[in-house]
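>>> I'll drop the sequence and a predicted model, then ask my questions.
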Amino acid sequence: MLRRSKGNQSLLTKPNFIRRLDGTIGTALIQEICPLANDWSIWSYKPFCIGPAEGEDETGPADCVFTLTAFRGNQGISLITTPDLAASAATHLDDSRVPRELRHQLVDTKHQEVEGTAYEIKDLPGRGKGAIAKRKFAEHEIVMVGYPVLVIRLDFLNGDRLTEREKRVMLETSVRQLPPEQKRSVMSLARSTGGEPILDAIRTNGFGIEIDGIQHLAVFLDGSRVNHNCRPNSFWRYISSSMAMEVVALRDIRPGEEIVHSYAPLGYTYEERKAVLQAWGFQCRCALCSASIEERNLSDRRRERLLEIHHILGQADLLGSKRVGALIIEAMGLIDQEELHPQLVEYYQQFAKAYMALSDLKRARAFVTETDKMWSLYGGEEHENLDGMRDLWRALEEAEGEAEEVEDF
Ligand SMILES: C[S@@+](CC[C@H](N)C(=O)[O-])C[C@H]1O[C@@H](n2cnc3c(N)ncnc32)[C@H](O)[C@@H]1O
(Lines give C-alpha, C1' and ligand atoms only; values in the text may rest on other atoms or scores of the structure.)
Protein backbone atom coordinates (compact mmCIF):
# COMPACT_ATOMS: atom_id res chain seq x y z
CA MET A 1 0.00 0.00 0.00
CA LEU A 2 0.95 3.59 -0.47
CA ARG A 3 2.86 5.63 2.05
CA ARG A 4 1.44 7.90 4.62
CA SER A 5 1.14 11.55 3.74
CA LYS A 6 2.05 14.28 6.15
CA GLY A 7 -1.17 16.17 6.76
CA ASN A 8 -2.09 19.10 8.89
CA GLN A 9 -4.05 17.55 11.74
CA SER A 10 -5.05 20.83 13.30
CA LEU A 11 -7.17 22.21 10.47
CA LEU A 12 -10.31 20.48 11.70
CA THR A 13 -11.05 19.19 15.12
CA LYS A 14 -13.55 16.66 16.36
CA PRO A 15 -17.16 17.40 15.44
CA ASN A 16 -20.07 17.44 17.84
CA PHE A 17 -22.10 14.60 16.50
CA ILE A 18 -25.83 14.53 16.23
CA ARG A 19 -26.91 11.48 18.18
CA ARG A 20 -28.87 8.63 16.74
CA LEU A 21 -31.55 8.61 19.41
CA ASP A 22 -33.92 5.95 18.27
CA GLY A 23 -32.06 4.27 15.47
CA THR A 24 -34.25 5.72 12.76
CA ILE A 25 -32.93 7.94 10.08
CA GLY A 26 -34.87 11.12 9.89
CA THR A 27 -34.20 14.72 9.20
CA ALA A 28 -34.10 15.58 12.88
CA LEU A 29 -31.42 13.01 13.52
CA ILE A 30 -28.92 13.34 10.78
CA GLN A 31 -29.52 16.22 8.51
CA GLU A 32 -28.23 18.78 10.97
CA ILE A 33 -24.58 18.34 10.50
CA CYS A 34 -21.84 18.24 13.01
CA PRO A 35 -20.74 21.80 13.56
CA LEU A 36 -17.02 21.30 13.35
CA ALA A 37 -15.48 23.20 16.13
CA ASN A 38 -12.78 24.94 14.16
CA ASP A 39 -13.09 25.49 10.51
CA TRP A 40 -15.09 23.51 8.01
CA SER A 41 -15.35 26.45 5.61
CA ILE A 42 -12.92 25.00 3.11
CA TRP A 43 -15.64 22.48 2.23
CA SER A 44 -18.56 23.37 -0.02
CA TYR A 45 -21.14 21.88 2.38
CA LYS A 46 -21.19 21.49 6.11
CA PRO A 47 -19.65 18.08 6.84
CA PHE A 48 -22.42 15.52 7.18
CA CYS A 49 -22.07 13.01 10.01
CA ILE A 50 -24.19 10.38 11.69
CA GLY A 51 -23.11 10.38 15.29
CA PRO A 52 -22.80 7.59 17.79
CA ALA A 53 -26.02 6.35 19.40
CA GLU A 54 -26.75 6.91 23.07
CA GLY A 55 -24.34 4.91 25.19
CA GLU A 56 -21.97 4.21 22.27
CA ASP A 57 -18.28 4.98 22.54
CA GLU A 58 -17.83 8.50 21.19
CA THR A 59 -14.08 8.54 21.19
CA GLY A 60 -13.35 6.21 18.26
CA PRO A 61 -13.20 7.36 14.67
CA ALA A 62 -16.51 8.27 13.14
CA ASP A 63 -16.90 9.29 9.55
CA CYS A 64 -18.44 12.35 7.93
CA VAL A 65 -19.08 13.32 4.32
CA PHE A 66 -16.79 16.15 3.18
CA THR A 67 -17.38 17.67 -0.27
CA LEU A 68 -15.45 20.24 -2.23
CA THR A 69 -17.18 21.09 -5.51
CA ALA A 70 -14.31 23.05 -7.06
CA PHE A 71 -11.57 20.44 -6.82
CA ARG A 72 -9.02 20.12 -9.65
CA GLY A 73 -10.78 22.64 -11.91
CA ASN A 74 -14.45 21.79 -12.09
CA GLN A 75 -14.34 18.18 -10.97
CA GLY A 76 -15.43 18.04 -7.32
CA ILE A 77 -14.53 15.50 -4.65
CA SER A 78 -16.43 13.88 -1.77
CA LEU A 79 -14.67 12.06 1.03
CA ILE A 80 -16.22 9.82 3.66
CA THR A 81 -13.62 9.66 6.35
CA THR A 82 -12.84 10.86 9.85
CA PRO A 83 -12.47 14.60 10.50
CA ASP A 84 -8.75 14.16 11.27
CA LEU A 85 -8.09 12.32 8.03
CA ALA A 86 -10.20 14.82 6.07
CA ALA A 87 -8.07 17.58 7.57
CA SER A 88 -4.98 15.75 6.41
CA ALA A 89 -6.38 15.23 2.91
CA ALA A 90 -7.45 18.88 2.80
CA THR A 91 -3.80 19.91 2.67
CA HIS A 92 -3.59 18.18 -0.75
CA LEU A 93 -6.72 19.68 -2.31
CA ASP A 94 -5.24 22.95 -3.52
CA ASP A 95 -4.68 22.98 -7.31
CA SER A 96 -1.21 24.44 -6.81
CA ARG A 97 -0.29 20.90 -5.66
CA VAL A 98 -0.60 19.75 -9.27
CA PRO A 99 2.69 19.83 -11.19
CA ARG A 100 2.83 22.77 -13.60
CA GLU A 101 3.04 20.56 -16.69
CA LEU A 102 -0.25 18.84 -15.77
CA ARG A 103 -2.27 21.93 -14.93
CA HIS A 104 -3.79 22.33 -18.43
CA GLN A 105 -5.77 19.16 -17.66
CA LEU A 106 -7.60 20.94 -14.88
CA VAL A 107 -9.43 23.23 -17.32
CA ASP A 108 -11.61 20.44 -18.65
CA THR A 109 -11.85 17.13 -16.87
CA LYS A 110 -13.35 15.40 -19.92
CA HIS A 111 -9.89 14.42 -21.09
CA GLN A 112 -11.06 12.56 -24.13
CA GLU A 113 -12.49 15.77 -25.59
CA VAL A 114 -9.44 17.92 -25.04
CA GLU A 115 -7.53 18.50 -28.25
CA GLY A 116 -4.51 16.27 -28.48
CA THR A 117 -5.77 14.00 -25.74
CA ALA A 118 -3.93 10.79 -25.72
CA TYR A 119 -6.69 8.24 -25.19
CA GLU A 120 -10.42 7.80 -25.72
CA ILE A 121 -13.04 5.88 -23.78
CA LYS A 122 -14.87 3.45 -26.04
CA ASP A 123 -17.34 0.55 -25.87
CA LEU A 124 -15.50 -2.74 -26.31
CA PRO A 125 -16.98 -6.15 -27.02
CA GLY A 126 -17.38 -8.32 -23.91
CA ARG A 127 -15.88 -5.97 -21.34
CA GLY A 128 -17.95 -2.79 -21.32
CA LYS A 129 -16.01 0.42 -21.86
CA GLY A 130 -12.25 0.69 -22.06
CA ALA A 131 -9.48 3.22 -22.74
CA ILE A 132 -7.88 3.17 -26.19
CA ALA A 133 -4.56 4.87 -26.98
CA LYS A 134 -4.96 7.59 -29.62
CA ARG A 135 -1.23 7.91 -30.17
CA LYS A 136 1.97 6.01 -29.49
CA PHE A 137 3.29 5.95 -25.91
CA ALA A 138 6.87 5.21 -25.07
CA GLU A 139 7.78 2.86 -22.22
CA HIS A 140 7.32 4.61 -18.84
CA GLU A 141 5.45 7.55 -20.37
CA ILE A 142 2.43 8.82 -18.39
CA VAL A 143 -0.72 7.85 -20.30
CA MET A 144 -3.43 9.23 -18.01
CA VAL A 145 -3.61 11.44 -14.93
CA GLY A 146 -6.75 11.61 -12.84
CA TYR A 147 -7.96 12.89 -9.47
CA PRO A 148 -10.50 11.14 -7.24
CA VAL A 149 -14.19 12.08 -7.18
CA LEU A 150 -14.91 9.80 -4.23
CA VAL A 151 -12.64 8.70 -1.39
CA ILE A 152 -14.19 6.35 1.17
CA ARG A 153 -12.51 5.01 4.30
CA LEU A 154 -12.42 1.22 4.02
CA ASP A 155 -13.45 0.64 7.63
CA PHE A 156 -16.52 2.82 7.08
CA LEU A 157 -17.60 0.35 4.38
CA ASN A 158 -16.57 -2.83 6.18
CA GLY A 159 -17.20 -1.89 9.81
CA ASP A 160 -20.46 -2.19 11.72
CA ARG A 161 -20.54 1.14 13.50
CA LEU A 162 -23.35 2.32 11.18
CA THR A 163 -26.27 0.30 9.88
CA GLU A 164 -26.40 -0.52 6.18
CA ARG A 165 -29.16 2.04 5.81
CA GLU A 166 -27.07 4.74 7.49
CA LYS A 167 -24.11 3.90 5.28
CA ARG A 168 -26.33 4.21 2.25
CA VAL A 169 -27.48 7.67 3.36
CA MET A 170 -23.84 8.76 3.76
CA LEU A 171 -22.89 7.35 0.35
CA GLU A 172 -25.87 8.94 -1.37
CA THR A 173 -25.01 12.27 0.24
CA SER A 174 -21.41 12.01 -0.96
CA VAL A 175 -22.56 11.51 -4.55
CA ARG A 176 -25.47 13.98 -4.43
CA GLN A 177 -23.14 16.80 -3.33
CA LEU A 178 -20.83 16.34 -6.34
CA PRO A 179 -21.25 18.67 -9.35
CA PRO A 180 -24.03 17.32 -11.67
CA GLU A 181 -21.69 16.01 -14.37
CA GLN A 182 -19.52 14.04 -11.92
CA LYS A 183 -22.63 12.73 -10.18
CA ARG A 184 -23.91 11.42 -13.54
CA SER A 185 -20.49 9.94 -14.34
CA VAL A 186 -20.30 8.10 -11.00
CA MET A 187 -23.79 6.67 -11.51
CA SER A 188 -22.85 5.45 -15.00
CA LEU A 189 -19.72 3.58 -13.88
CA ALA A 190 -19.53 -0.17 -14.39
CA ARG A 191 -21.03 -2.27 -11.58
CA SER A 192 -20.28 -5.93 -11.19
CA THR A 193 -20.31 -6.86 -7.50
CA GLY A 194 -24.08 -6.57 -6.89
CA GLY A 195 -26.02 -4.81 -4.11
CA GLU A 196 -26.63 -1.11 -3.65
CA PRO A 197 -25.70 0.82 -6.85
CA ILE A 198 -23.29 3.34 -5.28
CA LEU A 199 -21.61 0.73 -3.12
CA ASP A 200 -21.34 -1.58 -6.13
CA ALA A 201 -19.81 1.24 -8.24
CA ILE A 202 -17.26 1.91 -5.48
CA ARG A 203 -16.36 -1.76 -5.04
CA THR A 204 -16.12 -2.32 -8.82
CA ASN A 205 -14.06 0.80 -9.52
CA GLY A 206 -12.27 1.72 -6.30
CA PHE A 207 -8.48 1.90 -6.10
CA GLY A 208 -6.82 1.27 -2.75
CA ILE A 209 -5.05 4.41 -1.50
CA GLU A 210 -3.93 5.55 1.94
CA ILE A 211 -4.46 8.77 3.85
CA ASP A 212 -2.07 8.93 6.80
CA GLY A 213 -1.55 5.19 6.54
CA ILE A 214 -5.29 4.45 6.71
CA GLN A 215 -6.81 2.54 3.82
CA HIS A 216 -9.43 4.19 1.63
CA LEU A 217 -11.07 3.31 -1.69
CA ALA A 218 -10.77 6.07 -4.29
CA VAL A 219 -12.82 6.36 -7.48
CA PHE A 220 -11.16 8.07 -10.47
CA LEU A 221 -13.54 8.58 -13.40
CA ASP A 222 -11.30 7.86 -16.41
CA GLY A 223 -9.06 5.55 -14.39
CA SER A 224 -12.15 3.45 -13.69
CA ARG A 225 -12.48 2.73 -17.40
CA VAL A 226 -9.10 1.01 -17.62
CA ASN A 227 -9.79 -2.70 -17.96
CA HIS A 228 -7.85 -5.56 -16.46
CA ASN A 229 -5.35 -7.70 -18.37
CA CYS A 230 -3.15 -10.45 -16.95
CA ARG A 231 -0.34 -9.23 -19.25
CA PRO A 232 -0.82 -5.51 -18.82
CA ASN A 233 0.78 -2.74 -20.89
CA SER A 234 0.49 -0.19 -18.07
CA PHE A 235 0.49 0.16 -14.29
CA TRP A 236 -0.96 2.79 -11.98
CA ARG A 237 0.61 4.68 -9.11
CA TYR A 238 -0.82 7.18 -6.64
CA ILE A 239 0.89 10.46 -5.82
CA SER A 240 -0.48 11.37 -2.41
CA SER A 241 0.87 14.94 -2.38
CA SER A 242 -1.37 15.91 -5.33
CA MET A 243 -3.91 13.05 -5.01
CA ALA A 244 -3.12 12.10 -8.60
CA MET A 245 -3.52 8.62 -10.00
CA GLU A 246 -1.14 8.13 -12.89
CA VAL A 247 -1.43 5.36 -15.44
CA VAL A 248 2.05 4.73 -16.84
CA ALA A 249 3.09 2.71 -19.91
CA LEU A 250 4.96 -0.46 -18.97
CA ARG A 251 6.22 -0.81 -22.52
CA ASP A 252 5.67 0.99 -25.83
CA ILE A 253 1.93 1.19 -26.60
CA ARG A 254 0.71 1.51 -30.20
CA PRO A 255 -2.12 3.84 -31.30
CA GLY A 256 -5.41 1.89 -31.25
CA GLU A 257 -4.16 -0.49 -28.52
CA GLU A 258 -6.29 -0.82 -25.40
CA ILE A 259 -4.65 0.56 -22.25
CA VAL A 260 -4.88 -2.15 -19.59
CA HIS A 261 -3.42 -2.80 -16.16
CA SER A 262 -3.62 -5.76 -13.82
CA TYR A 263 -6.17 -5.81 -10.98
CA ALA A 264 -4.51 -8.92 -9.55
CA PRO A 265 -0.94 -9.22 -8.30
CA LEU A 266 1.39 -10.03 -11.19
CA GLY A 267 2.90 -13.47 -11.35
CA TYR A 268 -0.22 -15.31 -10.18
CA THR A 269 -1.24 -18.55 -11.91
CA TYR A 270 -4.53 -18.87 -13.80
CA GLU A 271 -6.51 -20.24 -10.82
CA GLU A 272 -5.05 -17.69 -8.42
CA ARG A 273 -5.97 -14.82 -10.75
CA LYS A 274 -9.44 -16.24 -11.27
CA ALA A 275 -10.04 -16.30 -7.51
CA VAL A 276 -8.90 -12.68 -7.09
CA LEU A 277 -11.00 -11.44 -10.02
CA GLN A 278 -14.09 -13.11 -8.64
CA ALA A 279 -14.12 -10.36 -6.02
CA TRP A 280 -14.75 -7.94 -8.91
CA GLY A 281 -17.55 -10.23 -10.07
CA PHE A 282 -16.17 -10.96 -13.53
CA GLN A 283 -14.38 -13.63 -15.46
CA CYS A 284 -11.29 -12.38 -17.24
CA ARG A 285 -11.38 -12.46 -21.04
CA CYS A 286 -7.82 -11.32 -21.68
CA ALA A 287 -5.66 -13.13 -24.25
CA LEU A 288 -3.81 -15.17 -21.61
CA CYS A 289 -6.98 -16.34 -19.83
CA SER A 290 -8.64 -17.09 -23.19
CA ALA A 291 -5.61 -19.03 -24.49
CA SER A 292 -5.61 -22.81 -24.94
CA ILE A 293 -5.23 -24.97 -21.81
CA GLU A 294 -1.73 -25.99 -22.99
CA GLU A 295 -0.62 -22.36 -23.28
CA ARG A 296 -2.14 -21.49 -19.92
CA ASN A 297 -0.47 -24.47 -18.27
CA LEU A 298 2.87 -23.53 -19.80
CA SER A 299 2.47 -19.99 -18.44
CA ASP A 300 1.51 -21.35 -14.99
CA ARG A 301 4.59 -23.61 -14.91
CA ARG A 302 6.87 -20.68 -15.72
CA ARG A 303 5.28 -18.60 -12.95
CA GLU A 304 5.62 -21.42 -10.43
CA ARG A 305 9.26 -21.94 -11.39
CA LEU A 306 9.91 -18.23 -10.95
CA LEU A 307 8.56 -18.37 -7.42
CA GLU A 308 10.63 -21.46 -6.74
CA ILE A 309 13.80 -19.64 -7.86
CA HIS A 310 12.92 -16.79 -5.51
CA HIS A 311 12.76 -19.28 -2.61
CA ILE A 312 15.96 -21.09 -3.61
CA LEU A 313 17.88 -17.82 -3.80
CA GLY A 314 16.95 -17.21 -0.17
CA GLN A 315 19.66 -19.78 0.63
CA ALA A 316 22.29 -18.43 -1.74
CA ASP A 317 25.13 -19.07 0.75
CA LEU A 318 24.57 -22.82 0.23
CA LEU A 319 24.58 -22.56 -3.56
CA GLY A 320 27.80 -20.92 -4.67
CA SER A 321 28.13 -18.08 -7.17
CA LYS A 322 27.96 -20.20 -10.35
CA ARG A 323 24.58 -21.68 -9.41
CA VAL A 324 23.27 -18.29 -8.23
CA GLY A 325 24.33 -16.72 -11.56
CA ALA A 326 22.54 -19.48 -13.51
CA LEU A 327 19.34 -19.09 -11.46
CA ILE A 328 19.35 -15.34 -11.99
CA ILE A 329 19.69 -15.76 -15.75
CA GLU A 330 16.84 -18.31 -15.72
CA ALA A 331 14.60 -15.99 -13.65
CA MET A 332 15.25 -13.04 -16.00
CA GLY A 333 14.31 -15.22 -18.98
CA LEU A 334 11.05 -16.33 -17.32
CA ILE A 335 10.15 -12.75 -16.45
CA ASP A 336 10.71 -11.78 -20.10
CA GLN A 337 8.62 -14.66 -21.43
CA GLU A 338 5.77 -13.96 -19.03
CA GLU A 339 6.06 -10.16 -19.48
CA LEU A 340 6.25 -9.67 -15.73
CA HIS A 341 8.67 -6.76 -15.78
CA PRO A 342 7.31 -4.92 -12.72
CA GLN A 343 8.10 -8.12 -10.78
CA LEU A 344 11.75 -7.48 -11.49
CA VAL A 345 11.75 -5.16 -8.52
CA GLU A 346 11.10 -8.07 -6.12
CA TYR A 347 13.60 -10.26 -7.93
CA TYR A 348 16.34 -7.62 -8.09
CA GLN A 349 15.95 -7.27 -4.33
CA GLN A 350 16.34 -11.03 -3.94
CA PHE A 351 19.35 -11.07 -6.33
CA ALA A 352 20.97 -8.29 -4.29
CA LYS A 353 20.51 -10.27 -1.06
CA ALA A 354 21.85 -13.43 -2.74
CA TYR A 355 25.02 -11.62 -3.81
CA MET A 356 25.39 -10.09 -0.35
CA ALA A 357 25.20 -13.60 1.12
CA LEU A 358 28.02 -14.59 -1.26
CA SER A 359 29.99 -11.42 -0.36
CA ASP A 360 29.92 -10.37 -4.03
CA LEU A 361 29.27 -6.78 -3.06
CA LYS A 362 29.87 -5.22 -6.47
CA ARG A 363 27.03 -7.23 -8.00
CA ALA A 364 24.92 -6.74 -4.85
CA ARG A 365 25.32 -2.94 -5.17
CA ALA A 366 24.28 -3.03 -8.83
CA PHE A 367 21.05 -4.86 -7.94
CA VAL A 368 20.30 -2.65 -4.90
CA THR A 369 20.64 0.41 -7.17
CA GLU A 370 18.26 -1.11 -9.75
CA THR A 371 15.78 -2.10 -7.03
CA ASP A 372 15.73 1.46 -5.71
CA LYS A 373 15.13 2.90 -9.20
CA MET A 374 12.31 0.47 -9.88
CA TRP A 375 10.52 1.07 -6.58
CA SER A 376 10.47 4.81 -7.34
CA LEU A 377 9.20 4.16 -10.87
CA TYR A 378 6.40 1.79 -9.92
CA GLY A 379 5.43 3.22 -6.56
CA GLY A 380 6.20 6.92 -7.06
CA GLU A 381 8.20 9.09 -4.70
CA GLU A 382 6.49 7.72 -1.57
CA HIS A 383 6.50 4.08 -2.58
CA GLU A 384 5.36 1.39 -0.18
CA ASN A 385 8.78 -0.12 0.32
CA LEU A 386 10.69 2.95 1.49
CA ASP A 387 11.54 1.20 4.78
CA GLY A 388 12.52 -2.03 3.00
CA MET A 389 14.80 -0.06 0.68
CA ARG A 390 16.42 1.76 3.58
CA ASP A 391 17.10 -1.60 5.26
CA LEU A 392 18.57 -3.00 2.05
CA TRP A 393 20.95 -0.04 1.62
CA ARG A 394 21.94 -0.24 5.28
CA ALA A 395 22.68 -3.98 5.00
CA LEU A 396 24.78 -3.39 1.88
CA GLU A 397 26.72 -0.49 3.37
CA GLU A 398 27.42 -2.45 6.54
CA ALA A 399 28.70 -5.39 4.48
CA GLU A 400 30.87 -3.02 2.42
CA GLY A 401 32.21 -1.43 5.63
CA GLU A 402 33.12 -4.84 7.07
CA ALA A 403 34.78 -5.87 3.80
CA GLU A 404 36.89 -2.68 3.82
CA GLU A 405 37.96 -3.32 7.42
CA VAL A 406 39.07 -6.83 6.49
CA GLU A 407 41.06 -5.44 3.52
CA ASP A 408 42.73 -2.77 5.70
CA PHE A 409 43.60 -5.41 8.21
C1 LIG B 1 -13.07 -0.88 -13.30
S2 LIG B 1 -14.22 -1.47 -14.47
C3 LIG B 1 -13.36 -1.28 -15.97
C4 LIG B 1 -14.15 -0.50 -17.00
C5 LIG B 1 -15.44 -1.14 -17.44
N6 LIG B 1 -15.21 -2.07 -18.53
C7 LIG B 1 -16.48 -0.13 -17.83
O8 LIG B 1 -17.28 -0.38 -18.72
O9 LIG B 1 -16.51 0.94 -17.21
C10 LIG B 1 -14.14 -3.17 -14.12
C11 LIG B 1 -15.15 -3.98 -14.87
O12 LIG B 1 -14.80 -4.07 -16.26
C13 LIG B 1 -14.98 -5.39 -16.75
N14 LIG B 1 -13.65 -5.94 -17.10
C15 LIG B 1 -12.45 -5.38 -16.86
N16 LIG B 1 -11.45 -6.14 -17.33
C17 LIG B 1 -12.02 -7.21 -17.89
C18 LIG B 1 -11.50 -8.38 -18.51
N19 LIG B 1 -10.19 -8.59 -18.67
N20 LIG B 1 -12.37 -9.31 -18.93
C21 LIG B 1 -13.71 -9.13 -18.78
N22 LIG B 1 -14.27 -8.05 -18.20
C23 LIG B 1 -13.44 -7.10 -17.75
C24 LIG B 1 -15.62 -6.18 -15.62
O25 LIG B 1 -17.00 -6.11 -15.74
C26 LIG B 1 -15.16 -5.42 -14.39
O27 LIG B 1 -16.02 -5.58 -13.30
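Cool, the structure landed.
>>> Would you tell me which residues of the stretch 151-300 of the chain are close to the ligand?
Counting by Cβ under 6 Å from any ligand atom, the stretch 151-300 of the chain comes close to the ligand at 189-190, 192, 204-205, 224-225, 227-229, 280-282, 284-286. In short, each C-beta sits where N, CA and C put it, glycine included.
>>> and G401, how many neighbours does it have?
When neighbours are counted by other Cβ atoms under 10 Å, G401 registers 10.
>>> Mean confidence (pLDDT) on the helix or strand encompassing it, please.
Using DSSP states H and E, G401 maps to helix 386-408. Average pLDDT, helix 386-408: 89.
>>> now do stretch 253-267
Mean pLDDT, stretch 253-267: 95.
>>> ok, now stretch 42-61?
Averaging pLDDT along stretch 42-61 gives 72.
>>> let's have the chain start at 28 instead
Sure, I'll start numbering at 28, so the last one becomes stretch 69-88.
>>> Can you turn the buried part of the residues of the stretch 178-327 of the chain next to the ligand into a PyMOL selection?
Filtering these down to the buried ones (16 or more other Cβ atoms under 10 Å) takes a single PyMOL command:
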select buried, resi 216+217+231+232+251+252+254+255+256+307+309+311+313
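>>> Select, from the residues of the stretch 178-327 of the chain next to the ligand, the two members most distant in space.
Pairwise distances among these were taken by Cβ to Cβ; the largest, 20.6 Å, belongs to L216 and C313.
>>> quick revisit: so which of the residues of the stretch 178-327 of the chain next to the ligand comes closest to L106?
Proximity of those to L106 was ranked by Cβ to Cβ; the top entry is N232 with 16.0 Å.
>>> On the pLDDT front, check the closest one for me.
Looking at N232, its pLDDT stands at 96.
>>> Residues in contact with the helix holding G428: which ones?
30, 376, 379-380, 383, 386, 388, 391-392, 395, 398-399, 402, 410 (Cβ atoms under 8 Å, 6 or more residues apart in numbering).
>>> Quick one: the residues you listed as a markdown table, columns for neighbour count too.
Compiled in a markdown table, the contacts of helix 413-435 are given as follows (neighbours: other Cβ atoms under 10 Å):
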| residue | neighbour count |
| --- | --- |
| R30 | 19 |
| Q376 | 22 |
| A379 | 25 |
| K380 | 20 |
| M383 | 23 |
| S386 | 13 |
| L388 | 19 |
| A391 | 23 |
| R392 | 18 |
| V395 | 24 |
| T398 | 25 |
| D399 | 20 |
| W402 | 21 |
| H410 | 19 |
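>>> Please identify which pair of those residues lies farthest apart.
Within the contacts of helix 413-435, R30 and S386 form the most distant pair, 32.5 Å apart (Cβ to Cβ).
>>> Show me the domain layout of this protein.
The record's domain parsing of the chain by automatic domain parsing lists 54-288, 320-435.
>>> What is the end-to-end distance of the shortest one?
It refers to domain 320-435. Separation of the first and last residues of domain 320-435 by Cα to Cα, to the nearest Å is 60 Å.
>>> What is the neighbour count of D227?
Neighbouring residues of D227 were enumerated by other Cβ under 10 Å; the total is 17.
>>> So it is in contact with G221, correct?
Yes: using Cβ atoms under 8 Å, D227 is in contact with G221, at 6.2 Å.
>>> Next, the contact list for the residue of the chain found nearest the ligand, please.
Residue of the chain nearest the ligand, by Cβ to the nearest ligand atom: G155 (2.5 Å). G155 sits next to 217, 254 when contact means Cβ under 8 Å, 6+ apart.
>>> Can you read off the pLDDT for it?
Confidence at G155, expressed as pLDDT, is 94.
>>> cool, R188 as well?
With respect to pLDDT, R188 scores 83.
>>> Please report the distance of it from E434.
Using Cβ to Cβ, to the nearest Å, R188 is found at 61 Å from E434.
>>> Which one of the two is surrounded by more residues?
R188 (17 against 7).
>>> Quick check: the more buried one touching A89?
Yes: R188 lies in contact with A89 (Cβ under 8 Å); the separation is 6.9 Å.
>>> so H243 makes contact with T108?
Yes: in this structure, H243 is within contact of T108 by Cβ under 8 Å, at 6.5 Å.
>>> Find the residues that touch each one of the two.
Common contacts of H243 and T108, defined by Cβ under 8 Å, 6+ apart, comprise 178-180.
>>> Of these - the most surrounded one?
Within the shared contacts of H243 and T108, I179 tops the neighbour count with 27 neighbours, counted by other Cβ under 10 Å.
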